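Student: need a 3D model of the sequence below.
(one chain, ligands or ions: 1)
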Amino acid sequence: MRITIDDVTVTLAGRDVLSGIHLIAAEGEIAGLVGPNGSGKSTLLRTVYRHLKPQAGRVLLAGRDVRSMTTTETARHIAALPQERGSDFEFTVREVVAMGRSPYKRAFAGDDDLDRSAVAAALEQVGLDGYGRRGFAALSGGERQRVLLARAFAQQPDVLVLDEPTNHLDVQHQVELLALLRAQRRTTLISLHDLNAAASLCDRLHVLHEGAVVASGTPREVLTPELLAKVFGVRAAIVEHPLTGDPLIAFDHREPASSSAQAASPV
Ligand SMILES: Nc1ncnc2c1ncn2[C@@H]1O[C@H](COP(=O)(O)OP(=O)(O)OP(=O)(O)O)[C@@H](O)[C@H]1O
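Tutor: Prediction:
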C-alpha cells in the first residue's frame with residue numbers, strides 16, 4: 001500500500017518540529033529517512049503511525065486519511081517499531097510477539113492456529129526461534145530489538161514503519177535484518193543513521209534537515225559530498241562498493257567539514 005505524507009506540519013511545545021513535509025513511499029518501496037539528530041525523523045514516523053497528530057496536512061494510506069480509520073484498522077495495515085522500546089515488560093518473548101496479532105482478534109480471544117503460525121514464523125525470521133519462553137526483560141538490547149521486530153512482522157502489515165531498527169544489533173544481525181526487509185518488498189518507511197546501510201537498502205532516500213525535506217531521490221542522487229557537508233557537517237567521498245556496486249560513503253573521520261572549510265578559507 002502506498003503511503004503519502006501530504007504537507008504535514010507538526011508543532012511541539014510551540015515550535016514547528018516539522019513543516020510542510022511532502023513525501024511518498026510507493027507500494028512495495030523502501031523509503032529511507034536520514035538526517036542529523038533532531039532533524040525530525042522520529043516525529044515524522046510517529047505521525048505516520050498515529051502517535052502524533054499533525055497540526056496541518058494528512059497521512060494517507062492508499063489514498064485514505066489514517067485519521068479517518070479506527071486504530072484497529074490502522075493496526076491491520078501499519079506496524080511500527082518505535083524508538084522508545086520498553087524493557088520492563090513482564091512478558092515472555094512469545095507473549096510480546098503475539099501482541100502483534102491483537103488487531104485481528106476480539107477482546108480476550110485466545111490464539112488460533114493462524115496466530116500461532118504467524119508468531120512462530122516471525123520469531124524464525126528474526127533468528128529467535130527457541131526464545132519463546134524466555135522473559136523479555138532479561139534479554140540483551142539486541143535480542144529485545146529483534147523480538148519487537150518480530151512483533152511487527154507478526155502483525156503482517158501492508159506497511160512497516162521502522163525507527164532505527166538496527167540500533168543495538170551487531171553487524172551480522174544488521175545485515176540479516178536489511179536482507180529480510182529487502183526480501184519482503186513491503187512498503188517500508190525506515191529511519192537510519194547508518195548512511196551506508198540506507199544507501200544499500202533503500203529505493204529512495206528523503207533527507208530531513210531542521211524539520212524540512214531538503215533532498216529526495218535514489219541514494220546515488222541524494223548522497224553527494226556536498227549534501228553530506230551541508231546537512232551532516234562531514235567530509236566524505238562517494239565510491240563504488242567493491243562487492244555490491246552500491247554507493248559507499250567513505251567518511252573522513254579525522255576532520256569535520258566545517259573545520260576543513262575554515263582551514264581552507266583565507267584568513
Ligand atoms: N514531545 C516533544 N516536545 C517538544 N519537542 C520535541 C518533542 N519530541 C521531539 N521534540 C523535538 O523535535 C525535534 C525533532 O526530534 P526527533 O526525535 O523527531 O528527531 P530525530 O531526527 O528522530 O533525532 P535523532 O536522530 O536524534 O533520533 C528535536 O529538536 C526534539 O528535541
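Student: burial count for the closest residue to His168 other than its chain neighbours?
Tutor: Leaving aside its chain neighbours, His168 sits nearest to Gly141 (3.9 Å; criterion: C-beta to C-beta, 6 or more residues apart in numbering). Where C-beta positions appear, they are placed from N, C-alpha and C, glycine not excepted. Using other C-beta atoms under 10 Å, Gly141 has 12 neighbouring residues.
Student: now Gly141: how far from the ligand?
Tutor: 16 Å (C-beta to the nearest ligand atom, to the nearest Å).
Student: got it, and Ser68?
Tutor: 25 Å.
Student: now do Gly135
Tutor: 28 Å.
Student: cool, and Pro165?
Tutor: Distance from Pro165 to the ligand, by C-beta to the nearest ligand atom: 13 Å.
Student: give the helix, strand or coil label for that residue.
Tutor: coil (DSSP: H, G, I helix; E, B strand; the rest coil).
Student: residues in contact with it?
Tutor: Neighbouring residues of Pro165 by C-beta atoms under 8 Å, 6 or more residues apart in numbering: Leu81, Gln145, Leu149, Leu177, Ile190.
Student: please apply the same query to Arg235.
Tutor: Pro225, Leu228, Ala229, Phe251, Asp252, Glu255, Pro256, Ala257, Ser260.
Student: please, which helix or strand holds it?
Tutor: strand 234-240 (DSSP states H and E).
Student: partner strands of that strand, with direction?
Tutor: strand 247-256 (antiparallel) (DSSP bridges).
Student: in the strand holding Arg235, what counts as buried?
Tutor: Val234, Arg235, Ala236 (16 or more other C-beta atoms under 10 Å).
Student: ok, stretch 161-181 next?
Tutor: Applying 16+ other C-beta under 10 Å to stretch 161-181 flags 161-169, 173-174, 176-178, 181 as buried.
Student: what of stretch 17-31?
Tutor: For stretch 17-31, by 16+ other C-beta under 10 Å, it's Val17, Leu18, Ser19, Ile21, Leu23, Ala25, Glu29, Ile30, Ala31.
Student: now, which of these lie close to the ligand?
Tutor: Applying C-beta under 6 Å from any ligand atom to the buried residues of stretch 17-31, one finds that Val17 fall near the ligand.
Student: from the buried residues of stretch 17-31, which is closest to Thr244?
Tutor: Ile30 (15.5 Å; C-beta to C-beta).
Student: now that closest one: how far from Arg186?
Tutor: Remark: distance between Ile30 and Arg186 (C-beta to C-beta, to the nearest Å) = 8 Å.
Student: buried ones among the contacts of Arg235?
Tutor: Leu228, Ala229, Ala257.
Student: phi first, then psi, for the second one.
Tutor: Taking degrees, to the nearest 10, you get phi -70, psi -50 for the backbone angles of Ala229.
Student: look up how far Cys202 lies from it.
Tutor: Distance from Ala229 to Cys202, by C-beta to C-beta: 21 Å.
Student: then the first one?
Tutor: When C-beta to C-beta is applied, the distance between Leu228 and Cys202 equals 16 Å.
Student: now swap in the last one and tell me
Tutor: Ala257 sits 23 Å away from Cys202, taking C-beta to C-beta as the criterion.
Student: ok, Ala80 next?
Tutor: 18 Å.
Student: now do Arg186
Tutor: Distance from Arg186 to Cys202, by C-beta to C-beta: 13 Å.
Student: kindly report the same for Gly57.
Tutor: Gly57 is 23 Å from Cys202, by C-beta to C-beta.
Student: the two: which is more packed in?
Tutor: Cys202 (26 against 18).
Student: state whether that one and Arg220 are indeed in contact, as I suppose.
Tutor: No. Assessed by C-beta atoms under 8 Å, Cys202 is found out of contact with Arg220, at 11.0 Å.
Student: what's the helix or strand for Gly20?
Tutor: strand 15-25.
Student: and the angle from the next helix or strand after that strand to strand 15-25?
Tutor: Where DSSP H and E defines the elements, the next helix or strand beyond strand 15-25 is strand 30-34. Orientation check (axes from the mean of the first three to the mean of the last three C-alpha atoms, to 10 degrees): strand 30-34 against strand 15-25 gives 150 degrees.
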